[in-house]
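Chemist: Predicted model and sequence below, questions to follow.
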Amino acid sequence: MKFINYLESTTGVSIYGLGSFMLFFTFFVFMAIWVFKADKRLITHLSEIPFDHSDSKS
């Protein structure tokens, strides 16, 4: 028996797909809004963090 057959026989399993889609979509929308409203200096600072070696640990 295939795995999909187990999912089809489970009652209410479709709510998990819908719930995960809504969670992803909500996160995507909030991140898109944050990116467009964020201060450009903050975005520049965050993009330079991986290349900043001033706080190197010994």
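Modeler: Looks like it arrived, so ask away.

Chemist: what's downstream of the helix or strand hosting Phe21, the next helix or strand?
Modeler: Using DSSP states H and E, Phe21 sits within helix 14-37. For helix 14-37, the following helix or strand on the C-terminal side (DSSP H and E) is helix 40-48.

Chemist: which residues sit against that following helix?
Modeler: Residues from elsewhere that reach helix 40-48 (CB atoms under 8 Å, 6 or more residues apart in numbering): Val35. Where you see a C-beta, it was placed from the backbone N, CA and C, and this is true even at glycine.

Chemist: mind checking how far that helix is from the chain centre?
Modeler: 20 Å (CA atoms, centre = their mean, to the nearest Å).

Chemist: what's the average pLDDT for it?
Modeler: For helix 40-48, mean pLDDT rounds to 91.

Chemist: Determine the angle, from 0 to 180 degrees, between that helix and helix 14-37.
Modeler: Inter-element angle recorded for helix 40-48 and helix 14-37: 110 degrees (by axes from the mean of the first three to the mean of the last three CA atoms, to 10 degrees).

Chemist: Could you tell me how many residues sit around Thr26?
Modeler: Other residues near Thr26 number 10, with proximity taken as other CB atoms under 10 Å.

Chemist: Number of residues surrounding Pro50?
Modeler: Pro50: 7 neighbours (other CB under 10 Å).

Chemist: what about it, distance to Met31?
Modeler: 19 Å (CB to CB, to the nearest Å).

Chemist: do Ala38 as well
Modeler: 10 Å.

Chemist: By mean pLDDT, which helix or strand of the protein comes out lowest?
Modeler: Within the chain, no helix or strand scores below helix 3-9, which has a mean of 68 by mean pLDDT, DSSP states H and E.

Chemist: Kind regards, and thank you for your time.
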